[in-house]
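Asker: Next come a sequence and a model predicted from it.
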Amino acid sequence: MTDQPIHSDSPSRTGRGAPGERPRLSADELAALQLVRLRWTLRHAYDNVPFYRRRFDEAGVRPEDCRSLSDLAGFPHTTKDDLRRNHPYGMLAVPPTDLRRIHASSGTTGVPTVIGYTRRDLDMWAEVVARSLRAAGARPGQRAHIAYGYGLFTGGLGAHHGAELLGCTVIPASGGMSARQVRLIRDLRPEIVLATPSYLLTLLDEFDRQGVDPRDAGLLTGVLGAEPWTEGMRAEIEGRSGLTAVDIYGLSEIIGPGVAQEFPEAVGALHVWEDHFYPEVLDPGGTPVAPGERGELAITTLTREAMPLIRYRTGDLSALTPGAGVPFRRMARITGRTDDLLILRGVNLYPTQVEELVLRTRGLSPHFVLELTREARLDQLTIRAEAVSGLAADRWPAVGGELSDLVRGELGLRVGVEVVAPGTLERSSGKARRVLDNRETTGPA
Ligand code: DLL
């Protein structure tokens, strides 16, 4: 393996303060550090991953051609398909015996994506998660209730090691068994809760079911991510629980949670921990867009040993803007993925756009699903949303009508709306499944 120039326990590592403290770097120092690390990563990938050697050779580039950060644009991208084609160990830059852990992301096509970590990768991951939690407001000595799933999914274990490193007392609840989770929160009184936003909603409903006001539970901060969520959802969660809800972003392929973090004092975008992950935003052809423009986020790892990834196309839509008082740039909150896009009769639609409108409709709870069907060769969308409890059933059609008017007015789409009884839709215990695609079963293609 090519020796890493600056790794987590090297004295030359910048910003070695207390765990989770942000490195104090000027913009120039950050850029210089990124360039050293980027050049190391390109060389490491080229020397140790046959896939990258082939790709670089085909593109006619060599690691040493990268003399400035902008030279990265001349290097090839990596896609999820590349990872699948090299399943399970083909993307590794270290011998499999150097791995200390493997995670996998489920993958809808059958072939899971396997991600390997060396000891140093795991240390770096814990450090960036500790940073995220500290930036979110967590402090050593506080209790952190982790309701992300534990297992091959990176949410639970990733959050776990970061919270421990920061000095929190970790409650590894994992996802599911909501009644017991709420009992634990009431008894143990954690200040911090980590969950997907949709699962936190499930927990808040469970508080209601137990007849307990979640605002009395003492929760201060929610570190929520792993799925897109909206400002409407933030207002709903904060209003019901009294906590401050901030967004955490990450993906297994790059490391897991802890790639970028929303600070409570600068909401709306997330600071990317750019000393470890170099972000770009690309147009559909794969060329970087101008700062501030929207496009697909691509990330290059700068310090990963086991599985360096060059210009990995995340499929997530975002935009990069300058940081708020720190040299790290910010990425706009992810509103959707390229593959979440629904195109209905020529109109583009992301599930988060519907979430905003459901949350604006009085009388509806935040629980909803989108069902796609096909009638007379035309795609139809039905929004199925739950009424709030206590709303008389004879009011439901009117409330549904309000939502369909809103969707027509704001998104230019005629959709069906079905208001259903409270508690009837399946609850999330992790990432919410928003779209039921029944087009195959309801009509000819
Ligand atoms: O979801 C890692 C994670 C765990 C992030 C816990 C945050 C908290 P994957 O299962 O590989 O990893 O899924 C990654 O989830 O490409 C996005 O599409 C989506 N995603 C993750 N965080 C956010 C977020 C984890 N904050 C995929 N907002 C990513 C919107 C998110 N989408």
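Answerer: Done, it's in. Since the model is a prediction, treat every value here as computed from it, not as a measurement.
Asker: How are the helices of this protein distributed by residue range?
Answerer: Counting by DSSP state H, the chain has helices at residues 27-48, 50-59, 80-85, 119-136, 154-166, 178-188, 197-209, 231-241, 351-360, 396-411, 439-442.
Asker: so which of those comes closest to Gly20?
Answerer: helix 119-136 (3.3 Å; C-beta to C-beta). Glycine gets a C-beta too; all of them are placed from N, C-alpha and C.
Asker: That closest one and the ligand in contact?
Answerer: No - against the ligand, helix 119-136 shows no contacts by C-beta under 6 Å from any ligand atom, the least distance being 9.0 Å.
Asker: so that helix versus helix 154-166, what angle?
Answerer: Orientation check (axes from the mean of the first three to the mean of the last three C-alpha atoms, to 10 degrees): helix 119-136 against helix 154-166 gives 80 degrees.
Asker: tell me what helix 119-136 is packed against?
Answerer: Counting contacts by 3 or more C-beta pairs under 8 Å, 6 or more residues apart in numbering; DSSP states H and E, helix 119-136 is packed against helix 154-166, strand 221-225, strand 244-251, strand 256-263.
Asker: biggest strand in the protein by residues?
Answerer: Scanning the chain for the strand with the most residues, using DSSP state E, yields strand 364-375.
Asker: what sits against whichever residue of the stretch 1-150 of the chain sits closest to the ligand?
Answerer: Residue of the stretch 1-150 of the chain nearest the ligand, by C-beta to the nearest ligand atom: Ser105 (4.1 Å). Contacts for Ser105 (C-beta atoms under 8 Å, 6 or more residues apart in numbering) come out as Pro112, Thr113, Ile115, Leu152, Phe153, Thr154, Leu251, Ser252, Glu253.
Asker: Give the bridge partners for it, please.
Answerer: Thr113 (DSSP bridges).
Asker: Please parse the chain into its domains.
Answerer: Annotated domains of the chain cover 1-337, 342-442 [automatic domain parsing].
Asker: Need the ones you listed in CSV (columns: mean pLDDT).
Answerer: Converted to CSV, the domains of the chain look like this (pLDDT from 0 to 100):
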stretch, mean pLDDT
domain 1-337, 94
domain 342-442, 94
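Asker: just these: most buried one?
Answerer: Highest mean neighbour count among the domains of the chain (mean count of other C-beta atoms under 10 Å): domain 1-337, with a mean of 19.
Asker: and the closest residue to Ile343 other than its chain neighbours, bridged to which residues?
Answerer: Closest residue in space to Ile343, ignoring its immediate chain neighbours: Leu349 at 7.4 Å, by C-beta to C-beta, 6 or more residues apart in numbering. On the basis of DSSP bridges, Leu349 is bridged to Leu342.
Asker: Distance of Leu349 relative to the ligand?
Answerer: From Leu349 across to the ligand, the span is 17 Å (C-beta to the nearest ligand atom, to the nearest Å).
Asker: same check, this time on Pro291
Answerer: The gap separating Pro291 from the ligand is 21 Å, by C-beta to the nearest ligand atom.
Asker: Ok, His276 next?
Answerer: Distance check for His276 against the ligand: by C-beta to the nearest ligand atom, it reads 15 Å.
Asker: need the contact list for that residue.
Answerer: Neighbour list for His276: Arg37, Met124, Val128, Ile255, Thr301, Leu302, Thr303 [criterion: C-beta under 8 Å, 6+ apart].
Asker: one step back: pipe the helices and strands packed on helix 119-136 into CSV and attach distance to the ligand per row.
Answerer: Shown next, in CSV, are these (distance: least, C-beta to the nearest ligand atom, whole Å):
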stretch, distance to the ligand
helix 154-166, 3
strand 221-225, 3
strand 244-251, 4
strand 256-263, 4
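Asker: Mind putting the ones you listed into TSV with distance to Ser389?
Answerer: TSV is the format used below for the helices and strands packed on helix 119-136 (distance: least, C-beta to C-beta, whole Å):
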stretch	distance to Ser389
helix 154-166	29
strand 221-225	23
strand 244-251	22
strand 256-263	31
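Asker: out of those, nearest to Val326?
Answerer: When the helices and strands packed on helix 119-136 are compared by C-beta to C-beta, strand 256-263 sits nearest Val326, at 8.7 Å.
Asker: Listing partners with orientation, what would you give for that closest one?
Answerer: strand 244-251 (antiparallel), strand 266-272 (antiparallel).
Asker: returning to that earlier point: which of the helices and strands packed on helix 119-136 sits closest to Leu391?
Answerer: Minimum separation from Leu391 across the helices and strands packed on helix 119-136 (C-beta to C-beta) falls at strand 244-251, 25.3 Å.
Asker: and the closest one, how far out from the chain's middle?
Answerer: In terms of C-alpha atoms, centre = their mean, to the nearest Å, the centre of strand 244-251 is found 7 Å from the chain centre.
Asker: Alpha carbons of it, as CSV, please.
Answerer: In CSV, the C-alpha atoms belonging to strand 244-251 read as follows (Å, rounded to 0.1, in the frame of the first residue of the first chain):
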residue,chain,number,x,y,z
THR,A,244,-33.4,21.4,17.6
ALA,A,245,-33.3,19.3,14.5
VAL,A,246,-30.3,19.3,12.2
ASP,A,247,-29.4,17.4,9.1
ILE,A,248,-26.5,14.9,8.8
TYR,A,249,-25.5,13.6,5.5
GLY,A,250,-23.4,10.7,4.3
LEU,A,251,-23.4,7.5,2.2
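Asker: Also compute the angle for that strand relative to helix 197-209, please.
Answerer: Interaxial angle, strand 244-251 versus helix 197-209 (the same axes, to 10 degrees): 140 degrees.
Asker: Strand 244-251 vs helix 231-241, what angle?
Answerer: With the same axes, to 10 degrees defining the directions, strand 244-251 sits at 130 degrees from helix 231-241.
Asker: which other residues reach strand 244-251?
Answerer: Contact with strand 244-251 is made by 105, 132, 136-137, 154, 158, 194, 197, 200, 220-225, 229, 234, 237-238, 256-264, 267, 270, 314, 316, 331, 333-334, as judged by C-beta under 8 Å, 6+ apart.
Asker: I'd like the helices of the chain as TSV, with distance to Arg143 appended.
Answerer: Formatted as TSV, the helices of the chain follow (distance: least, C-beta to C-beta, whole Å):
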stretch	distance to Arg143
helix 27-48	33
helix 50-59	43
helix 80-85	36
helix 119-136	12
helix 154-166	9
helix 178-188	6
helix 197-209	15
helix 231-241	16
helix 351-360	29
helix 396-411	39
helix 439-442	46
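Asker: Which one of these lies nearest to Met307?
Answerer: Taking those one by one with C-beta to C-beta, helix 119-136 is closest: 8.0 Å.
Asker: got the contact list for the nearest residue to Thr338 once chain neighbours are set aside?
Answerer: Spatial nearest neighbour of Thr338, chain neighbours left out: Gly315 (4.7 Å); criterion: C-beta to C-beta, 6+ apart. By C-beta under 8 Å, 6+ apart, the residues touching Gly315 are Lys80, Glu296, Arg337, Thr338, Asp339.
Asker: What's the local residue count around the last one?
Answerer: If I follow you right, that is Asp339. If you count neighbours by other C-beta atoms under 10 Å, Asp339 ends up with 8.
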